[in-house]
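Undergrad: Give me the fold of what follows.
(chains A and B)
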Amino acid sequence: MTAPTGPGRLLDSVGTAEVVRLDAHLARWGAVPDLPVRSLLEAVDQSGLRGHGGAWFPVGAKWRSVAAGRSPIVVANGAEGEPASGKDRLLLHHAPHLVLDGAAVAAKAVGARRVIVHVSDDSVADVTTALAERERRGVDACSFEVVIAPDRFLSGQESAVVNTVNGRNIGIPSFVALRPVREQGIAGRPTLVQNVESLADVALIARYGPQWFRSVGTHDSPGTALITVTGLWESSRIVEVPLGTTLENALGITPGRADTIQAVLLGGYGGGWLPTSTALSLPFTEEAARALGTSIGAGVAVLLPAGVCPLVEVARVARYMEGEGAGQCGPCVNGLDVLASQLELLAHRPHTLSGGLSAFPTLCGLVEGRGACHHPDGVARFVRSALGVFGDHAAVHLQRGPCQTTRPFLPVPSASGVLR
Amino acid sequence: MSRSRFRLVVDPVACDGAGVCAELLPEVISLDPWGFPIVASGDVAPGLVDMARRAVVSCPRLALHLVRVDD
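TA: Predicted coordinates for the structure are as follows:
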């Protein structure tokens, strides 16, 4: 039961077994030690673990806030609505027991009896099989329920998760600025919504302690991250890297290979574009990405190959994101539609854009910070960064017209869920 | 003794763009091209707090909130 020393922690046994069943899990990691609540909270605080769902909020602080309330509920969140991310599904398939161990630890630490495992349809079989194994062995003191996340971009958003579990406004966020979910969520109870990767980290922190956890990563972002990388290989792949590593080193990208990459999108469709050299040499952490106006989101890196019209891609994503809005806040409903329409003109009929690019910053400003959730903020970041990085390409469109041929590249689901 | 500070917050889900708030409190609230309120950043000026309260109770959707800012 030795602690892993390399960067492969959560994906430690990939290659030896596709799915780590409970027997193999216990043989590899042993049972979770029975620590008192105070020690658990201290260990998570000291580990410096931050949430891997995309917000990168300190996990210990969130737990203490939820633990202060009465009869809280824990959600292990693996909804993963971001089309360019696949790490939660992989983790739930490959190492479901690390996630469930972490959820059980979280429940104990905050004083919850009930854990909801909120996952996409793809992961339900993986989770139910794992839960049945645990039930037979009597592993857990808390109760687990599985709730299916609707197939929508926003379904993993914290207040949307609460609505889905409560059974009203399924997959739709609420206005929670004045009453956060950690105070009043599922069934009106304080609710801890934690990404499944963060919980898998917790499972190892409970076993090996915060110092071990901090042995890789940076001071502010310790540990590893699962990153979904698109555009480097034939299909997307998920890699586990120490936080703070550059993509260049983590992915072994040679200068020659880098020359074939037009630009890099970090953080997915609510993240932002960076020039290739900047993105590849950036320490992969949320604070480094934010300093450049982007985000690593849930650990997403898309390498846009040469020969693809970036403006067509940006317009496709903007239209997809417009359609994935919850449709309940005026500025987002109106603003994202106009933004997507203008981007479609820039991509396909640039001569009809009367004001050139001047409308875009204003439109972004009209949606930023004005939704119940951060959906419009993410789209604005995506669009602003795109116009920064692809400014030269946009100038060519405006002067000479659209690109002649292009093939779609970024993964955009053609039809979204039925819960429109 | 310091005076309480207040901020106006719009619940964008409840708001349907009636525009009453911008009429009552043009110093703080303007309307976007679609008629939805844009609240000026920062605290409400002390002299406008009473008017802000009136805007809050006048909203037909009860979408405007006056929130005390903790120091």
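
Undergrad: Could you use CA atoms for every contact and neighbour count after this?
TA: Will do.

Undergrad: Show me the strands in the chain, by range?
TA: No chain specified, so I'll use chain A. Along chain A, the stretches classed as strands by DSSP state E are A:73-78, A:114-120, A:143-149, A:191-195, A:224-230, A:237-242, A:261-266, A:272-275, A:300-305.

Undergrad: wrong one, I was asking about chain B
TA: With DSSP E as the criterion, chain B has strands spanning B:5-10, B:29-31, B:37-39, B:64-69.

Undergrad: circling back to that earlier point, relative to B:Pro46, which of the strands of chain A is closest?
TA: Each of the strands of chain A was scored for nearness to B:Pro46 using C-alpha to C-alpha, and the closest is strand A:191-195 (36.2 Å).

Undergrad: Output the strands of chain A as CSV; include the columns mean pLDDT, mean neighbour count and distance to B:Pro12.
TA: Formatted as CSV, the strands of chain A follow (pLDDT from 0 to 100; neighbours: other C-alpha atoms under 10 Å in any protein chain shown; distance: least, C-alpha to C-alpha, whole Å):
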stretch, mean pLDDT, mean neighbour count, distance to B:Pro12
strand A:73-78, 98, 28, 25
strand A:114-120, 98, 25, 26
strand A:143-149, 98, 19, 24
strand A:191-195, 98, 28, 23
strand A:224-230, 97, 25, 33
strand A:237-242, 95, 20, 37
strand A:261-266, 98, 23, 28
strand A:272-275, 98, 25, 25
strand A:300-305, 98, 24, 29
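
Undergrad: Output the ones you listed in JSON lines; the columns should cover distance to chain B.
TA: Formatted as JSON lines, those follow (distance: least, C-alpha to the nearest C-alpha, whole Å):
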{"stretch": "strand A:73-78", "distance to chain B": "24"}
{"stretch": "strand A:114-120", "distance to chain B": "24"}
{"stretch": "strand A:143-149", "distance to chain B": "22"}
{"stretch": "strand A:191-195", "distance to chain B": "21"}
{"stretch": "strand A:224-230", "distance to chain B": "33"}
{"stretch": "strand A:237-242", "distance to chain B": "36"}
{"stretch": "strand A:261-266", "distance to chain B": "28"}
{"stretch": "strand A:272-275", "distance to chain B": "25"}
{"stretch": "strand A:300-305", "distance to chain B": "29"}
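
Undergrad: got JSON lines for those, with distance to A:Leu40 too?
TA: Formatted as JSON lines, the strands of chain A follow (distance: least, C-alpha to C-alpha, whole Å):
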{"stretch": "strand A:73-78", "distance to A:Leu40": "15"}
{"stretch": "strand A:114-120", "distance to A:Leu40": "17"}
{"stretch": "strand A:143-149", "distance to A:Leu40": "19"}
{"stretch": "strand A:191-195", "distance to A:Leu40": "15"}
{"stretch": "strand A:224-230", "distance to A:Leu40": "20"}
{"stretch": "strand A:237-242", "distance to A:Leu40": "23"}
{"stretch": "strand A:261-266", "distance to A:Leu40": "33"}
{"stretch": "strand A:272-275", "distance to A:Leu40": "36"}
{"stretch": "strand A:300-305", "distance to A:Leu40": "30"}
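
Undergrad: right, so of the ones you listed, which gets closest to A:Leu336?
TA: strand A:272-275 (16.4 Å).

Undergrad: next one: that closest one to chain centre, how far?
TA: 17 Å (C-alpha atoms, centre = their mean, to the nearest Å).

Undergrad: Low-confidence ranges, chain A, go.
TA: For chain A, the stretches with pLDDT under 70 are A:1, A:6-7, A:13-17, A:415-420.
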